[in-house]
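1. sequence plus the predicted model coming up.
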Amino acid sequence: MPADMTMLADHTARQLLDFSQKLDINLLDNVVNSMYYDVGSQQRLAQEVLTSLKDHPDAWTRVDTILEFSQNMKTKYYALQILETVIKTRWKILPRNQCDGIKKYVVGLIIKTSSDPNSVEKEGVYIAKLNMILVQILKQEWPKHWPTFISDIVGASRTSESLCQNNMIILKLLSEEVFDFSSGQMTQVKAKHLKDSMCNEFSQIFQLCQFVMENSQNAPLVQATLETLLRFLNWIPLGYIFETKLISTLVYKFLNVPMFRNITLKCLTEIAGVSVSQYEEQFVNLFTLTMVQLKQMLPLNTNIRLAYSNGRDDEQNFIQNLSLFLCTFLKEHGQLIEKRLNLRETLMEALHYMLLVSEVEETEIFKICLEYWNHLAAELYRESPFSTSTSPLLSTSQHFDVPPRRHLYLPVLSKVRLLMVSRMAKPEEVLVVENDQGEVVREFMKDTDSINLYKNMRETLVYLTHLDYADTERIMTEKLHNQVNGTEWSWRNLNTLCWAIGSISGAMHEEDEKRFLVTVIKDLLGLCEQKRGKDNKAIIASNIMYIVGQYPRFLRAHWKFLKTVVNKLFEFMHETHDGVQDMACDTFIKIAQKCRRHFVQVQVGEVMPFIDEILNNINTIICDLQPQQVHTFYEAVGYMIGAQTDQTVQERLIEKYMLLPNQVWDSIIQQATKNVDILKDPETVRQLGSILKTNVRACKAVGHPFVLQLGRIYLDMLNVYKCLSENISSAIQSNGEMVTKQPLIRSMRTVKRETLKLISGWVSRSNDPQMVGENFVPPLLEAVLIDYQRNVPAAREPEVLSTMATIVNKLGAHITGEIPKIFDAVFECTLDMINKNFEEFPEHRTHFFYLLQAVNSQCFPAFLSIPPAQFKLVLDSIIWAFKHTMRNVADTGLQILFTMLQNIAQEEAAAQSFYQTYFCDILQHIFSVVTDTSHTAGLTMHASILAYMFNLVEEGKISCTLNTGTTNNNQSYVQEYVASLLKTAFPHLQDAQVKVFVTGLFSLNQDIPAFKEHLRDFLVQIKEFAGEDSTDLFLEEREASLRQAQEEKHKLQMSVPGILNPHELPEEMCE
């Protein structure tokens, strides 16, 4: 902490804001230090004073004093931030002489600081900020007010190497600002002008770069030049790359110099990525020259994997850059090299490097190589997908069958297969976690990175298997033998091998698959017998289960094998080793889904369908499973029962299937009938929760026929719901809301939630809306709605809202009559929970809007029949939704609004009064989120809604007058309304800017992408004061392009008879 710091007094610190006094530099230094090093109220005071000072319109006039007299780097940096803000937002309204003054001052500072190599080293952050400020000035001034900038900077660069190095950085920054980051930072027209200016003046810059590369001995300067060149390569005119000595200079002069090789290789990669056909010789040259240098730097016999693991940072980066270069070049221009017989050997060497680099133990590098292998295998497969895929390595007579390109790559692809099998990624993770209700459940933790890697590797190996499945089989079988004989035994090796075997399911002919799988399973079962120790057995077991789960086609064709596998899974369900039971239940459910029919038919050699055997022994099978594993088991059996097509048989199966849970359920209900207090007993409540979860999973699998079981427990279940609800409410009344955290209350809420889940799960799968509406909905509404309304907010179940949404989505018009009743109970009381802020009750929030969305989509007429005051509340809540910063809520809100506007347009009578009351309000609210930077993610949807609304006006769909006070037509009124709305919100905008913006809202309303970019341009403009001179907004040019867009739209409309109103047609067409 700096020694000279003293306590800050409020009034002393605020003297900095008095612009009638001379600036006290020491005081400013103290305040800045306080901001960086203090805590609590001192830091807050410093922060507040510095923010106020920065926001003061005249703050920039003090920057030169601060930079000259302050000795504190942090204060200087702060002064530069003030300057940057003024340049970005108020530059256009500063008098011309002040702009020139600031410009001159900044240039002077940069020259002074960067001419001395020592200060460049010492004050790096400060100079970087100065450079950025100069670039911000350039975006305002160049080329109009500073036409000589490029020649100035190039000229100055020749006077000192240190200055030249910094100028390179400035040019690099300018290139990035114009070509890489212009979207959303400057208007499209302005970005285009700056890009054109840079291309037109590039020759001077290029000569400077060439001059440095050919003549300079100064390493940091050469490094900076190469880095700047790298940024230029993606936009400069191609002649500079291919019609100069650039490529040979890069390869001969810099590639083999250790300190420059990384940046040089990046430049060569950027060039390799250019796809044009007219420079074939230059690409061949680039490849051959680079390969010659590579072989000297990194001989072909290098063990790259080892070299990488022992290498320094820059050496490891070199390997990564090498993979990028080869991958980019071979993907873009590989076929060009293949065609030249004299380059075959060089091509093979390049592929050899790719194989060596693919072995490096670094995922990011492997992903780069994988991208190329995937591309190559897919390309070779697609060229002739049906040519024989027997192994040309094994059969000599069939060589003529192999397409020539495949033949060329044969030996390489065999090595790639081995690579994929040895490194196969993990398919997906299973974790056990505790959920909000305090229950241990299994959660699939999607490690998206690892899953994507698996998908890409799987796809690559499938292509490689199609190209030559005998070779894939040979590699896998050999590796499996090495597991069995112990030479390669390890968990990791076994896992990757089994994941690879599982990943090619479906890529072999069925006969080959059968032969191969039988061998694999036999070997793995043998391995399981041979290995001692629970851990080993568990790993082998999980791999056997993984593989059989991946081959449903094989299982369906071989009943005996399928039965053996399922019985083996039942054995594993008693194996308490961590993860084995989980895996057994997982595999069982996978197989049940894919082979469901086979379990309900009597198979050859059997006396009854296998489902009967399962149901007869269900007690024994599941006795060692945890509750959540039992639920998975029930879901699996449910898929089998769902496949039984004979209704009578199916009903008998369902009764037998639900026998166990029903026995416990019945006994609890009987006890509760005698003494309702049993429903306060923790163990009883826990059991109820578990039984309902079993029902939920069973219902998910059986589908509509589950109505048999649901009907059996339905009314008792709703009574339990009401009873538990009263228990929860009275507990809250006696002990306050904290009681909801207690285990017993949490269990009670679980029962309520699972009840709702069961009902909505069944409704969403039911196929008889009338029956649902008549028999199931009335008792549900009676049990659930009033209870929801009466509960304290903390005890209301968000699932009530999602269940209502499900019912509305499923029953559609059948439920329209009940909507007012549902709304009375849940709408206002929920709105009241969520309209205080954007954070509380997140689940109620999302479900509330899903319910609105459902009613809006399925039962729209219900909205027209509710009282106007309630409709206004609905609309207010939709507006409230899209103002949320929670993405999902805001998106739903916009979605509802868009659908509502489209629905209203269909209702001729209601539409006009809706437009008259709400149209302009909605416009205003949408513009308020469009111009709020925290909502940029919704821009596409904002654009769609606004375009739709402006289109309604333009096409005369709104026949009522939007403004009762004037006789203006609606289009001119909306134009004036939006213009004045924006002028009021952003008084610093010029009239011409607003006019062009509003014009675009009409002329682009049929082209959403263009409309969205038009909005983005406007967002750029509101950040900055335009002043008198608006030339760099190129408004005339923008106006012309909008006029053209309007004409194109008009032409298009004229080409469809009847689209245009007869009064809009030109005279000669009316004749």
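-> Done, it's in.

2. phi, psi for Met186 please.
-> phi -140, psi 160 (degrees, to the nearest 10).

3. bridged to it, which residues?
-> Following DSSP bridges, Met186 is listed with bridge partners Ser183.

4. report how many residues lie close to it.
-> 23 (other C-beta atoms under 10 Å). Glycine gets a C-beta too; all of them are placed from N, C-alpha and C.

5. surely it meets Gln140?
-> No - assessed by C-beta atoms under 8 Å, Met186 is found out of contact with Gln140, at 9.9 Å.

6. need the three-state assignment for the spatially closest residue to Cys327 that is not a sequence neighbour.
-> The spatial neighbour of Cys327 that comes closest, neighbours along the chain excluded (C-beta to C-beta, 6 or more residues apart in numbering), is Tyr372 at 4.2 Å. Look at Tyr372: counting by DSSP: H, G, I helix; E, B strand; the rest coil, its state is helix.

7. and Gln293, that's in a strand?
-> No - Gln293 is assigned helix when assessed by three-state DSSP, not a strand.

8. list the contacts for it?
-> Counting by C-beta atoms under 8 Å, 6 or more residues apart in numbering, Gln293 makes contact with Val251, Tyr252, Leu255, Asn256.

9. again, but for Asp152
-> Neighbours of Asp152 in contact, by C-beta under 8 Å, 6+ apart: none.

10. one more pass at 10 Å, please.
-> When contacts are counted by C-beta atoms under 10 Å, 6 or more residues apart in numbering, Asp152 touches Val107, Trp146, Asn167.

11. I'd like to know which of the residues you listed are part of helices.
-> Among the contacts of Asp152, the members falling in helices are Val107, Asn167 (criterion: DSSP state H).

12. most neighbours among the contacts of Asp152, which one is it?
-> Tallying neighbours with other C-beta under 10 Å puts Asn167 at the head of the contacts of Asp152, with 28 neighbours.

13. nearest spatial neighbour of Met213, chain-adjacent residues omitted?
-> Distances taken as C-beta to C-beta, 6+ apart place Thr249 nearest to Met213, at 5.6 Å, with adjacent residues excluded.

14. the one you found contacts Glu214, correct?
-> Yes - judged on C-beta atoms under 10 Å, Thr249 makes contact with Glu214 at a distance of 7.1 Å.

15. neighbour-wise, which of those two wins?
-> Neighbours were tallied for Thr249 and for Glu214 using other C-beta under 10 Å; the higher tally belongs to Thr249 (16 against 10).

16. what's the distance between that one and Asp116?
-> 30 Å (C-beta to C-beta, to the nearest Å).

17. now for the helix or strand hosting Val357, which elements pack on it?
-> Element membership for Val357 (DSSP states H and E) is helix 344-358. If you count contacts as 3 or more C-beta pairs under 10 Å, 6 or more residues apart in numbering; DSSP states H and E, helix 344-358 packs onto helix 280-297, helix 304-310, helix 313-338, helix 363-383, helix 404-423.

18. can you name the residues that contact the residue nearest to Met213?
-> Contacts of Thr249 (C-beta under 10 Å, 6+ apart): Cys209, Gln210, Met213, Glu214, Leu255, Thr264.

19. now the buried members of these.
-> Using 16 or more other C-beta atoms under 10 Å as the burial test, the contacts of Thr249 include Cys209, Gln210, Met213, Leu255, Thr264 as buried.

20. where does pLDDT dip in the stretch 351-500 of the chain?
-> 387-401, 429-436, 438-446 (pLDDT under 70).

21. try it again at 90.
-> Within the stretch 351-500 of the chain, the set of residues satisfying pLDDT under 90 comprises 384-404, 426-451, 491.

22. got any ranges where the stretch 151-300 of the chain has weak pLDDT?
-> For the stretch 151-300 of the chain, applying pLDDT under 90 flags the ranges 181-187, 189-190, 277.

23. try 80 this time
-> Scanning the stretch 151-300 of the chain for pLDDT under 80 picks out 183-184.

24. what about the strands in this structure?
-> Here the chain has its strands, by DSSP state E, at 431-434, 440-443.

25. need the buried ones from the contacts of Gln293 selected in ChimeraX.
-> Provided next is the ChimeraX selection string for whichever of those are buried by 16+ other C-beta under 10 Å:
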select :251,255
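
26. any idea of the pLDDT on the closest residue in space to Lys590 that isn't next to it in sequence?
-> Nearest non-adjacent residue to Lys590, counting by C-beta to C-beta, 6+ apart: Gly549, 4.4 Å away. Model confidence at Gly549, given as pLDDT, is 90.

27. over to Ile654?
-> 99.

28. my guess is it contacts Tyr634. True?
-> No - at 11.6 Å, Ile654 does not count as touching Tyr634 under the criterion of C-beta under 10 Å.

29. shared neighbours of the two, which are they?
-> With C-beta under 10 Å, 6+ apart as the test, Ile654 and Tyr634 both reach Ala698, Val702.

30. give me the more crowded residue out of the two.
-> A side-by-side neighbour count of Ile654 and Tyr634, using other C-beta under 10 Å, places Tyr634 first with 26 against 22.

31. ok, now how distant is the more buried one from Asp716?
-> Per C-beta to C-beta, Tyr634 is found 20 Å from Asp716.

32. equivalent analysis for Thr806, please.
-> Taken as C-beta to C-beta, the span from Thr806 to Asp716 is 22 Å.

33. who's more crowded, those two?
-> Thr806 (22 against 15).

34. which residues touch the more buried one?
-> Thr806 touches Leu756, Lys757, Ile759, Ser760, Gly761, Trp762, Val763, Ser764, Glu799, Tyr850, Leu851, Ala854, counting by C-beta under 10 Å, 6+ apart.

35. if we ignore the residues flanking it in sequence, what's nearest the first one?
-> Looking back up the chat, that one is Leu756. Leaving aside its chain neighbours, Leu756 sits nearest to Glu799 (4.0 Å; criterion: C-beta to C-beta, 6+ apart).

36. and for Ala910, the neighbour number?
-> Based on other C-beta under 10 Å, the number of other residues close to Ala910 is 17.

37. from what I see, it and Met900 are in contact.
-> No - if you go by C-beta under 10 Å, Ala910 and Met900 don't touch, sitting 11.2 Å apart.

38. what is in contact with these two at once?
-> Contact criterion C-beta under 10 Å, 6+ apart; residues shared by Ala910 and Met900: Phe860, Phe863.

39. okay, now the domains of the chain?
-> Residue ranges for the domains of the chain, per the TED database: 1-93, 273-385+405-413+444-462, 658-757, 768-906, 922-1070.

40. which one of those domains lies closest to Phe570?
-> Closest to Phe570 of these is domain 658-757 (C-beta to C-beta; 16.3 Å).

41. between the contacts of Thr249, which is closest to Ala224?
-> For the contacts of Thr249, the residue nearest Ala224 by C-beta to C-beta is Cys209; the value is 10.3 Å.

42. got the contact list for that closest one?
-> Counted by C-beta under 10 Å, 6+ apart, Cys209 has contacts Val154, Met168, Leu171, Phe202, Thr225, Leu226, Thr228, Leu229, Phe232, Tyr240, Leu246, Thr249.

43. likewise for Arg492?
-> By C-beta under 10 Å, 6+ apart, Arg492 lies in contact with Ser422, Ile539.

44. give me the most central residue, the protein.
-> Centre of the chain computed as the mean C-alpha position; nearest residue by C-alpha atoms, centre = their mean is Thr448, 10.7 Å away.
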